[in-house]
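Trainee: give me a model of this one.
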Amino acid sequence: MSFDGVLKQLTARIRNLFTPGELEKRNDNGTIRVRTCYGRILEGKEAFPYGFITKATKGKISILCGGGNFDSIEILPVTSVESAPELNDGDTAVYSEGGSSIICRADGTVEINGNSKRFVTWDELNNSLQQLWTAIQTHGHTGACAGSLGAGTAEVFASTNLANVRLDLSSSKTENIKTG
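Mentor: Numbering: from 1, shown residues only. Below you'll find the model as predicted:
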C-alpha cells in the first residue's frame with residue numbers, strides 16, 4: 001500500500017474515533033438506530049454509567065469507535081438540553097422530556113419538580129396534627145348550654161363528644177422518599 005493510502009486510512013480511523021450523530025429511533029430489541037454526521041446508519045446499545053439509564057426519544061449522540069472502526073462501536077448516551085432545567089455552577093439534575101426534574105443544588109437543597117412549594121416530613125406533620133387534635137378533644141367551655149341544668153348554671157362541656165374519634169394518618173406515610 002502506498003504512503004498516501006496508509007495516510008488516508010490512518011486519517012479515517014482517527015476521524016472515526018469519536019463521531020457525532022443523531023438518534024433515529026429506538027428498536028424493540030433494546031438497541032438504537034443512529035445517523036452519523038456523515039450520513040451512515042449504525043445500530044447498537046447505549047453505554048451508561050453504573051446505576052443510571054435513560055430512554056431519550058430525540059437528541060444528539062456521540063459514537064466511540066474502537067480503533068476508529070465502525071464495527072466496534074460504543075454509543076454514548078443521547079444528549080438533549082431542550083427540556084433541561086436551569087442550573088447554577090455545581091448543580092446536578094435528573095430530568096425528563098415531560099418536564100419533571102430533581103435538582104440537587106450546590107447549596108445542599110433538593111428541588112423536586114420546582115421550588116414553589118415547601119416539603120413537610122410525615123413525622124413533623126403527624127406530630128403537629130396530633131397535638132392539634134388533642135387540644136380540640138380536650139378543649140371545653142364553661143357556661144350555660146341549651147338543655148342543661150338551667151340558665152346561668154356553670155358547667156364544663158365539649159362542643160361534641162370527640163373522645164373516641166382518632167386521627168389516623170398512617171396510610172399517608174411513605175417509606176420511599178426520605179429526608180435528613
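Trainee: send me stretch 5-14 as CSV with only the CA atoms.
Mentor: This file holds the C-alpha atoms of stretch 5-14, laid out as CSV (Å, rounded to 0.1, in the frame of the first residue of the first chain):
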residue,chain,number,x,y,z
GLY,A,5,-3.2,5.0,1.1
VAL,A,6,-1.8,4.4,4.6
LEU,A,7,-2.2,8.1,5.4
LYS,A,8,-5.8,8.2,4.2
GLN,A,9,-6.7,5.0,6.2
LEU,A,10,-5.0,6.4,9.3
THR,A,11,-6.8,9.7,8.9
ALA,A,12,-10.1,8.0,8.5
ARG,A,13,-9.6,5.9,11.7
ILE,A,14,-8.6,8.9,13.7
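Trainee: avg pLDDT for whichever helix in the chain runs longest?
Mentor: Ranked by residue count and defined by DSSP state H, the top helix of the chain is helix 122-138. In this model, helix 122-138 carries a mean pLDDT of 84.
Trainee: buried sites along that helix?
Mentor: 122, 126, 137 (16 or more other C-beta atoms under 10 Å). For every residue, glycine as well, the C-beta is placed using N, CA and C.
Trainee: okay, these in CSV with distance to residue 84 next?
Mentor: Below are those laid out as CSV (distance: C-beta to C-beta, whole Å):
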residue, distance to residue 84
122, 31
126, 36
137, 50
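Trainee: how far does the host helix or strand of residue 42 sit from its chain's centre?
Mentor: Taking DSSP states H and E as the definition, one finds residue 42 inside strand 41-44. Here the centre of strand 41-44 is set off from its chain's centre by 29 Å, with C-alpha atoms, centre = their mean, to the nearest Å.
Trainee: just the helices in this structure please.
Mentor: 3-16, 122-138.
Trainee: with distance to residue 30 as added columns, please give those in TSV.
Mentor: Below are these laid out as TSV (distance: least, C-beta to C-beta, whole Å):
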stretch	distance to residue 30
helix 3-16	24
helix 122-138	38
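Trainee: how does this protein divide into domains?
Mentor: Domain ranges of the chain: 3-75, 81-118, 122-172, per automatic domain parsing.
Trainee: lowest-confidence stretch among the ones you listed?
Mentor: domain 122-172 (a mean of 69).
Trainee: quick check: end-to-end length of that domain?
Mentor: 8 Å (C-alpha to C-alpha, to the nearest Å).
Trainee: ok, stretch 104-116 next?
Mentor: 15 Å.
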